[in-house]
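Colleague: I would like the atomic coordinates for the input below:
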Amino acid sequence: MLSKGGHTAAAGTYWNLENGERVNMDQEGVLPGNGQTRYIKASGIAVLAAGPVLGLIFAVFLPFIGIAMALNMAGKKLVEGLANAAAGSMSFGWRPVEAYLAGKKRNKAVRARKTGKGAKS
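Modeller: Next up, the predicted model:
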């Protein structure tokens, strides 16, 4: 049975789910903590019996957790490397410190063709 801190609870043993602290209630009363603190009502024997089961679950899934963490790290490094490579190869064709108020500079041959000057007849 799940209870929250600051609420009235029946007599019994309550375990804080955040830090594992045990609270014994000899009679009905208010559980310590605020509304965010969660407690589960269970006897000491039930909590001790759950320990090996939780340890077994952790031991079984530990290799999968390690594989998932390694794949996650490799994926992040790959995406980061691709992003850096793409950012390094991008060129905007303008420099932010230059104004280009008169337009871009062109080479003389292109200007001469455009204006018709220097064309051979």
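Colleague: And for stretch 48-67, what's in contact with it?
Modeller: A42 (Cβ atoms under 8 Å, 6 or more residues apart in numbering). Where C-beta positions appear, they are placed from N, C-alpha and C, glycine not excepted.
Colleague: Now that stretch: average pLDDT?
Modeller: The average pLDDT for stretch 48-67 rounds to 92.
Colleague: how much space between T37 and L71?
Modeller: 35 Å (Cβ to Cβ, to the nearest Å).
Colleague: likewise A86?
Modeller: For A86, the distance to L71 - Cβ to Cβ - is 22 Å.
Colleague: ok but W15 is inside a strand, no?
Modeller: Yes: under DSSP: H, G, I helix; E, B strand; the rest coil, W15 falls within a strand.
Colleague: shouldn't it be in contact with S43?
Modeller: No: with contacts counted by Cβ atoms under 8 Å, W15 stays clear of S43, the gap being 9.9 Å.
Colleague: So between those two, which is more surrounded?
Modeller: W15 (20 against 11; other Cβ atoms under 10 Å).
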